[in-house]
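Trainee: Sequence and predicted structure below; questions after.
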2 protein chains.
Amino acid sequence: MVLSPDGTKQSTPEIDALVRETIERVADKWTMLILEALEEHGTVRFTRLGELVGGVSQKMLTKTLRQMEYDGLVTRTVHPVIPPHVDYTLTELGHSLGAAFCGVWQWAEKYHDAITASRAAFSRRG
Amino acid sequence: MVLSPDGTKQSTPEIDALVRETIERVADKWTMLILEALEEHGTVRFTRLGELVGGVSQKMLTKTLRQMEYDGLVTRTVHPVIPPHVDYTLTELGHSLGAAFCGVWQWAEKYHDAITASRAAFSRRG
DNA sequence: ACGTATACTCTCCTTTGGGAAGTAGGCACC
DNA sequence: GGTGCCTACTTCCCAAAGGAGAGTATACGT
């Protein structure tokens, strides 16, 4: 898809599959919203992060954070105290993904009313 | 979140909710992959689109396309012939979203190996 | 009369995700 | 010294989403 002159970025089936898998992984509602919350608030604890994201179940918050940690997007720091204290921070890779998603956020801010208008027009057409 | 000098883009709770709803709508695996396929191949028919996207069930292809039509991202053109002939094209709004997602695709192409490396490191740590 | 071509739609079943309750364990309080 | 609180989960149960595959409509070619 993208071919560099030096030939380092060729489009082989294996790479396509990896890119595809990456996109499927990352094109996820909770991943995007958690990323945004961490971008905006820096290092945040579990419960607070849940409040910031809003509407997420603890189960999905845990699961999504574990996956993001596995993928190298966040670091999970456990402070061995009681009651437990765990905080989450974006890695550099996480920040870079946040930057990439920025365009989508801007798109949403710019065009949400166009979508609303489209829906109204669609409904009017029956 | 983004404040313009002229005050046209203020961050009210209502607008935040709309942007949030827009993001949740659009941060979807099939929406992204369909968008990409249409960006790359222009006007495409139903079955062909399914092949291009790959791995999508007819049910989800139909459902996602209907939602995208409702949101004004694609146009659906029915040619009343037999056997049926329906084709799909991106609208301008759809193209603009494709452009916004472009950053995410480039991110995936650039960093998929970093993710693979992160996973390996994570597994090594236990 | 029958197979074919196309864009769905329907049914059944698996997987995913939400909601609420449970868990660990030291510490403050009564 | 028993009780309850605090936090980050985990578990259980049920509803919702999604995949696989078969069925549908209809005209045309053989």
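Mentor: Structure received.

Trainee: Just list the residues touching A:V19, thanks.
Mentor: Shown in contact with A:V19 (C-beta atoms under 8 Å, 6 or more residues apart in numbering or on different chains): B:105, B:108-109, B:112. (C-beta placed from N, C-alpha, C; glycine too.)

Trainee: Low-confidence stretches in chain A?
Mentor: Under the criterion pLDDT under 70, the flagged ranges of chain A are A:1-10.

Trainee: Close to DNA strand D: what parts of it are there?
Mentor: Taking C-beta under 7 Å from any atom of the strand, the part of chain A that reaches DNA strand D is made up of A:45-48, A:58-59, A:62, A:65, A:76, A:82-87.

Trainee: quick one: which of those has the most company?
Mentor: Neighbour tally across the residues of chain A next to DNA strand D (other C-beta atoms under 10 Å in any protein chain shown): the maximum, 21 neighbours, falls on A:L65.

Trainee: correct me, but that residue touches A:I34?
Mentor: Yes - here A:L65 lies in contact with A:I34, judged by C-beta atoms under 8 Å, at a distance of 6.9 Å.

Trainee: Which neighbours do the two have in common?
Mentor: Common contact partners of A:L65 and A:I34 (C-beta under 8 Å, 6+ apart): A:49, A:74.

Trainee: hmm, back to that, using CSV, please lay out the contacts of A:V19 together with neighbour count.
Mentor: Shown next, in CSV, are the contacts of A:V19 (neighbours: other C-beta atoms under 10 Å in any protein chain shown):
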residue, neighbour count
B:W105, 19
B:A108, 22
B:E109, 19
B:H112, 19
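
Trainee: Could you pick out which of the residues you listed are located in helices?
Mentor: Among those, the ones falling in helices (DSSP state H) are B:105, B:108-109, B:112.

Trainee: Centroid-nearest residue for chain A?
Mentor: In chain A, the centroid-proximal residue (C-alpha atoms, centre = their mean) is A:M32; its distance is 2.7 Å.
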